[in-house]
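Enquirer: Provided below for reference: sequence and predicted model.
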Amino acid sequence: MDSSKPKFAFVALIGSMMMLAALSTDMVLPAFPSIANRFGISISEVQLILIAFMFGHALPHLVIGSVADRFGRRPVLIGGLVIFGLGGAICLAAPNFSWVLIGRFVQGLGSATGPILARAILRDLFQGAKLGQYLSFSMVVFTVGPLLAPGIGTLLLTQVSWRAIFVLLALVAVALTLWVFYALPETLVKPNLRALDLRVTVQNGWRVLRNPQSSVMVLIISLFHGSLIAYLVSSPGIYMNYFEVNEVQFSLIFASIASLLLPGNIINALLLKKYSPVRILGYALALNFVVGVVMFLQTSFGWATVFTLTINLASFFFCFALVLTNATTLAIDPHKTRAGVASGLLGFVQMIGGTLLGSLVGKYVAIGPTPLGLGMVLIATTILIIFLISQRLAPSFCPTNTS
């Protein structure tokens, strides 16, 4: 597997595993107004669809890594996909909004296995810059989700109904289950027989968090994820309510914003051939700070238009591609013998912290884009300060070469 050129089929499967959660969130976004009208709730209340999914997605992270370190990656992944499909069935048959939220929570529980085990599988097989390259190429496949999901969701919404979205998600779960069953070999060479021992789990988690490199990167990823969640929960209200675009226009705007993930990940994979992950990360965080400042100025002074806001958010997604891949590489790289725990803990902190932070910003969506601009510049500033301080206090905790 560790060849000079990544295997396309393997990268496609890993990227698809990572894509499941994004597909599940982005496909539903255009349906927010329709779901709100169907159940007689406000656009702010309908955001709970996303938040319920994110909390469901976050909670298993503390368990899945340890279970996968004990029993292997394949059986845990297949089990998660089955649970994901069950959640879709609940949403499909939901008689009221409360049952939609329950179904979304269950979907989140099942979807968590995808990104956790994708990262663990890559760490089983690779390390250092090679790990970063495989993450980047997998993220190129992941980009298909944010690009196509809103358009697919809009098509199903306009031609059938919002419930058809959950039918398609269930079919995706079935297809992924078969793909994993027939094409993914077990990558865990030596199961950890004590992985489910509570004391061992706590010790492994503490070792991950105690590692300076991992702890700083987990914090950076969590804060950055807060900006992403703020954008996701706010964008339907900002574009469809404040700027009054329709569902089709929103799906095109969303896809154009997410499209910057593709060149971001390709460029990152190329840069990793010459530069270390920490060096690329530093420049990406600086660029993200500039993007945050520009967005804050345009939203605060009333300069924001659909076009300028879209350009600014697309620039954020370009930074997101660089930051997520390199920070994730640096977070899990020191933990080959406990890759499952490291990946799960990373995801848990990222999802819980990011969801709470992002939903706080999203509460003020009725005001317009200004709260989003303020939230993103504050987060970008905080992240850059944390990174610069960490480099000054411990400049050697991150690798400085790509070997």
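Expert: That came in fine, so what should we check first?

Enquirer: which residue ranges form the helices in the stretch 1-150 of the chain?
Expert: 8-26, 32-39, 48-58, 61-71, 73-93, 97-111, 113-125, 128-142, 144-159 (DSSP state H, counting those that start in this stretch).

Enquirer: Can you lay out those helices as a markdown table showing distance to M240, mean neighbour count and mean pLDDT?
Expert: (Glycine included, C-beta is placed from N, CA and C.) Putting the helices of the stretch 1-150 of the chain into a markdown table (distance: least, CB to CB, whole Å; neighbours: other CB atoms under 10 Å; pLDDT from 0 to 100) gives the following:
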| stretch | distance to M240 | mean neighbour count | mean pLDDT |
| --- | --- | --- | --- |
| helix 8-26 | 15 | 22 | 84 |
| helix 32-39 | 6 | 17 | 84 |
| helix 48-58 | 15 | 23 | 85 |
| helix 61-71 | 32 | 23 | 79 |
| helix 73-93 | 21 | 20 | 90 |
| helix 97-111 | 19 | 22 | 92 |
| helix 113-125 | 28 | 26 | 84 |
| helix 128-142 | 25 | 24 | 76 |
| helix 144-159 | 11 | 20 | 80 |
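
Enquirer: Would you mark the buried spots in stretch 292-305?
Expert: For stretch 292-305, burial by neighbour count (16 or more other CB atoms under 10 Å) applies to 292, 294-296, 298-299, 304.

Enquirer: which helices and strands does the host helix or strand of L285 pack with?
Expert: Assignment of secondary structure by DSSP states H and E places L285 within helix 277-300. Where contact means 3 or more CB pairs under 8 Å, 6 or more residues apart in numbering; DSSP states H and E, helix 277-300 is packed against helix 306-332, helix 370-393.

Enquirer: Just say which of those is most tucked in.
Expert: Greatest average neighbour count among the helices and strands packed on helix 277-300 goes to helix 306-332 (a mean of 23), per mean count of other CB atoms under 10 Å.

Enquirer: From the contact counts, what lies against it?
Expert: Secondary elements touching helix 306-332 (3+ CB pairs under 8 Å, 6+ apart): helix 113-125, helix 128-142, helix 212-236, helix 247-258, helix 261-271, helix 277-300, helix 339-362.

Enquirer: Save the helices and strands packed on helix 277-300 as CSV, and put in mean pLDDT and distance to L184 too.
Expert: Converted to CSV, the helices and strands packed on helix 277-300 look like this (pLDDT from 0 to 100; distance: least, CB to CB, whole Å):
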stretch, mean pLDDT, distance to L184
helix 306-332, 89, 19
helix 370-393, 90, 34
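
Enquirer: quick one, which of those is nearest to M351?
Expert: Among those, helix 306-332 comes nearest to M351, with 13.0 Å by CB to CB.

Enquirer: picking that back up, now the helix holding L285 and helix 370-393, what's the angle there?
Expert: Counting by axes from the mean of the first three to the mean of the last three CA atoms, to 10 degrees, helix 277-300 lies at 150 degrees to helix 370-393.

Enquirer: still on that earlier bit, mind putting the helices and strands packed on helix 277-300 in TSV, distance to A21 included?
Expert: TSV is the format used below for these (distance: least, CB to CB, whole Å):
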stretch	distance to A21
helix 306-332	13
helix 370-393	21
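
Enquirer: Out of those helices, which gets nearest to F8?
Expert: F8 sits nearest to helix 306-332 of all these, at 18.4 Å, using CB to CB.

Enquirer: now the angle between helix 212-236 and the closest one, please.
Expert: Using the same axes, to 10 degrees: helix 306-332 against helix 212-236 is 160 degrees.

Enquirer: still on that earlier bit, out of the helices and strands packed on helix 306-332, which one sits most buried?
Expert: Highest mean neighbour count among the helices and strands packed on helix 306-332 (mean count of other CB under 10 Å): helix 113-125, with a mean of 26.

Enquirer: Tell me the helices and strands packed up against that one.
Expert: Checking 3+ CB pairs under 8 Å, 6+ apart, helix 113-125 ends up next to helix 8-26, helix 61-71, helix 73-93, helix 128-142, helix 306-332, helix 339-362.

Enquirer: any idea how far L384 is from F97?
Expert: For F97, the distance to L384 (CB to CB, to the nearest Å) stands at 40 Å.

Enquirer: Next: A164.
Expert: 43 Å.

Enquirer: circling back: could the helices of the stretch 1-150 of the chain go into a markdown table alongside distance to Q391?
Expert: A markdown table is the format used below for the helices of the stretch 1-150 of the chain (distance: least, CB to CB, whole Å):
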| stretch | distance to Q391 |
| --- | --- |
| helix 8-26 | 28 |
| helix 32-39 | 41 |
| helix 48-58 | 29 |
| helix 61-71 | 28 |
| helix 73-93 | 34 |
| helix 97-111 | 34 |
| helix 113-125 | 24 |
| helix 128-142 | 18 |
| helix 144-159 | 31 |
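
Enquirer: So for F316, which of the ones you listed sits nearest?
Expert: helix 144-159 (12.5 Å).

Enquirer: and after that closest one, which helix or strand comes next?
Expert: Sequence-wise, the next helix or strand beyond helix 144-159 is helix 163-183, with elements assigned using DSSP H and E.

Enquirer: what packs against the very next helix or strand once past that following helix?
Expert: The C-terminal neighbour of helix 163-183 among helices and strands, as given by DSSP H and E, is helix 198-210. Packing partners of helix 198-210 (3+ CB pairs under 8 Å, 6+ apart): helix 61-71, helix 212-236, helix 339-362.

Enquirer: and the ones you listed, which one's lowest on average pLDDT?
Expert: Among the helices and strands packed on helix 198-210, helix 339-362 carries the lowest mean pLDDT, a mean of 73.

Enquirer: got the CA coordinates for that one in CSV?
Expert: Coordinates of each C-alpha in helix 339-362 appear next as CSV, following Å, rounded to 0.1, in the frame of the first residue of the first chain:
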residue,chain,number,x,y,z
ALA,A,339,-4.6,5.3,16.4
GLY,A,340,-8.3,4.5,17.1
VAL,A,341,-8.4,6.3,20.5
ALA,A,342,-6.4,9.3,19.0
SER,A,343,-8.8,9.6,16.1
GLY,A,344,-11.9,9.2,18.3
LEU,A,345,-10.7,11.7,20.9
LEU,A,346,-9.8,14.2,18.1
GLY,A,347,-13.3,13.8,16.6
PHE,A,348,-15.1,14.1,19.9
VAL,A,349,-13.5,17.3,21.0
GLN,A,350,-13.8,18.7,17.5
MET,A,351,-17.4,18.0,17.2
ILE,A,352,-18.6,18.9,20.7
GLY,A,353,-16.5,22.1,21.0
GLY,A,354,-17.2,23.1,17.4
THR,A,355,-20.9,22.4,17.5
LEU,A,356,-21.4,24.4,20.7
LEU,A,357,-19.4,27.3,19.4
GLY,A,358,-21.0,27.3,16.0
SER,A,359,-24.5,26.9,17.3
LEU,A,360,-24.0,29.9,19.6
VAL,A,361,-23.2,32.0,16.5
GLY,A,362,-26.1,30.5,14.6
